[in-house]
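Q: Quick check, what structure comes out for this input:
(one chain, ligands or ions: 3)
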Amino acid sequence: MPFRPAPAATDDPGRTAVLYCNLGTPDAPTAPAVRRYLAEFLSDPRVVEIPKLAWWPILHGIILRVRPAKSAAKYASVWMAQGSALKVWTEAQALGLRASLAERGHGVDAHYAMRYGQPAIAAQLDTLAASGVNRILVLQAYPQYSATTTASVLDAVGAWSRRQRRVPELRFVNDYHDDAGYIAALADSVQRHWAQHGRGELLLMSFHGIPARNIALGDPYQAQCQATARLLAQKLGLSDQQYRLTFQSRFGRAKWLEPYTEPTLRALAQQGTKRIDVMCPGFPVDCLETLEEINMEAREAFLESGGEAFGYIPCLNDSPRWAQALADIADRHLSGWNTRTGQADQPAVS
Ligand SMILES: C=CC1=C(C)c2cc3[nH]c(cc4nc(cc5[nH]c(cc1n2)c(C)c5CCC(=O)O)C(CCC(=O)O)=C4C)c(C)c3C=C
Ligand SMILES: [Fe+2]
Ligand SMILES: [Fe+2]
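A: Numbering: from 1, shown residues only. Ligands and ions are numbered 1, 2, ... in the order given. Have a look, this model is predicted:
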């Protein structure tokens, strides 16, 4: 395969951009659109670590025949006027990041891309490179590192760079699970919820699960979720008895990280917890997994098991505090790249 030609070389120092990457989402809440999305997502060997020979018949013979219609109905139940929540909020966060960086006087632009679906990472990198960007910071909407998500984005960037003649300078933020700005933005959203709606007896923090086997193979995801939960509880002044950490969205029959969210909610309600607050700190933006699985399905499970009040605390979405925290994270990783002149050795002028 020929390498992609680069524009004629000049002495222009070029420009710097941040690419904010998220998982991706279907283009429409319909079975064909969800099938396209799931086919790309579930064919990624980072996501499903089953040898292709064994996985392909299950994926194409069963999952892609049955799941799209079921998932499409769930997407339809939470679809926003402007589109899929995941895309709407990811775009809003990229714009917030761009504005926060601009306020700081950087000549750094920010764009967003999706690992699966549109706008694809490769297409966004093509656009950036064609517009003269030659330094790119890849920042992901995954505060906790997992090979299933973070490393998959790195794979996509690597696959793109392998086709380029002139590869831009690349930097990656692998995680920010213990970042003070991230924790403060989460605490702020909890406190705002409490001020508006009152406080439950318990705060449940639900993170997306992954197979337990991945942890045994060295994925740091579980430890990073635990650290986030502990730091957030500390920031909110919660004792160990006042919060719970759970994992949601199990896929397939293998053992995933435990405790599982929905059975925990049922058990808590059965044991007498009446009022609970639930949040999803690992998801910077609301999406199917938070709006439908948590705020609809898990809510119903808690209430039908004897619970009386289920307070859903939205994800960071358009929180200005989070836009600032994202810009702080980007700033730290941009240091040394002189973002105004493009000349790395000149100190930034304030
Ligand atoms: C098949 C295994 C899956 C792994 C491993 C997995 C890890 C993982 N996922 C997220 C974040 C999101 N996942 C979302 C949806 C979603 N996830 C899976 C499967 C795995 N995820 C599926 C099949 C789906 C699609 C929906 C469905 O059919 O159930 C989403 C929401 C997407 C949206 O459009 O709103 C997010 C976000 C993380 C962070 C993670 C590992 C840490
Ligand atoms: Fe997922
Ligand atoms: Fe789900």
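Q: Please count neighbours and contacts with C-alpha atoms only from this point.
A: Will do.
Q: Next, see if stretch 80-100 gets close to ligand 1.
A: Yes - for a cut-off given as Cα under 6 Å from any ligand atom, stretch 80-100 has contacts with ligand 1, namely Leu86.
Q: what mean pLDDT would you report for that stretch?
A: Stretch 80-100 shows a mean pLDDT of 98.
Q: May I see the buried residues of that stretch?
A: Neighbour-count burial for stretch 80-100, with 16 or more other Cα atoms under 10 Å as criterion, is recorded at 83-100.
Q: So what's the residue count around Ile276?
A: 23 (other Cα atoms under 10 Å).
Q: In this structure it contacts Ile313, no?
A: No - under the criterion of Cα atoms under 8 Å, Ile276 is not in contact with Ile313, lying 10.6 Å apart.
Q: From the chain's centroid, how far away is stretch 295-314?
A: Relative to the mean C-alpha coordinate of its chain, stretch 295-314 is positioned 23 Å out (Cα atoms, centre = their mean, to the nearest Å).
Q: in it, what's buried?
A: By neighbour count, and taking 16+ other Cα under 10 Å as the criterion, the buried residues in stretch 295-314 are 295-296, 298-303, 305-307, 309-314.
Q: domain ranges for this structure?
A: For the chain, the structural domains run 15-25+84-175+321-334, 180-312, going by automatic domain parsing.
Q: those strands in the stretch 201-350 of the chain, which residues are they?
A: Counting by DSSP state E, counting those that start in this stretch, one finds strands in the stretch 201-350 of the chain at the ranges 202-208, 243-248, 275-279, 309-312.
Q: Name the residues that touch the last one?
A: Read it as strand 309-312. Surrounding strand 309-312, the residues in contact under the criterion Cα atoms under 8 Å, 6 or more residues apart in numbering are 197, 200, 274-279, 295, 299, 302-303.
Q: now the helices: where do they sit in the chain?
A: In chain order, the chain shows helices spanning 31-42, 52-58, 64-78, 85-103, 121-130, 150-161, 180-197, 212-216, 221-236, 261-270, 288-291, 299-304, 320-334, with DSSP state H as the criterion.
Q: Can you tell me how far whichever residue of the stretch 1-150 of the chain sits closest to ligand 3 is from Phe41?
A: Using Cα to the ion, the closest approach of the stretch 1-150 of the chain to ligand 3 is made by Ser71 at 8.5 Å. When Cα to Cα, to the nearest Å is applied, the distance between Ser71 and Phe41 equals 14 Å.
Q: thinking again about what came up before, I'd like the domains of the chain laid out as a markdown table, including distance to ligand 3.
A: Formatted as a markdown table, the entries for the domains of the chain read as follows, by distance: least, Cα to the ion, whole Å:
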| stretch | distance to ligand 3 |
| --- | --- |
| domain 15-25+84-175+321-334 | 13 |
| domain 180-312 | 4 |
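Q: one step back: out of the helices of the chain, nearest to Met205?
A: When those are ranked by proximity to Met205, the top entry is helix 221-236, at 7.0 Å, counting by Cα to Cα.
Q: packing partners for the closest one?
A: Under the contact definition 3 or more Cα pairs under 8 Å, 6 or more residues apart in numbering; DSSP states H and E, helix 221-236 sits against helix 180-197, strand 243-248.
Q: what stretches of this structure score poorly on pLDDT?
A: 11, 338-350 (pLDDT under 70).
Q: how about a cut-off of 80?
A: Along the chain, segments meeting pLDDT under 80 span 1, 6-13, 338-350.
Q: Contact residues of it facing ligand 1?
A: When proximity is defined by Cα under 6 Å from any ligand atom, the chain lies next to ligand 1 at 23-26, 47-48, 71, 86, 146, 148-149, 208, 210, 251, 287-289.
Q: repeat that for 5 Å
A: Taking Cα under 5 Å from any ligand atom as the contact definition, the chain meets ligand 1 at 25, 47, 71, 210, 287-288.
Q: my guess is the residue of the stretch 1-150 of the chain closest to ligand 3 meets Val34, correct?
A: Yes - the pair Ser71 and Val34 passes the contact test of Cα under 8 Å, sitting 7.2 Å apart.
Q: Those two: which is more packed in?
A: Using other Cα under 10 Å as the criterion, Ser71 and Val34 rank with Val34 on top: 23 against 18.
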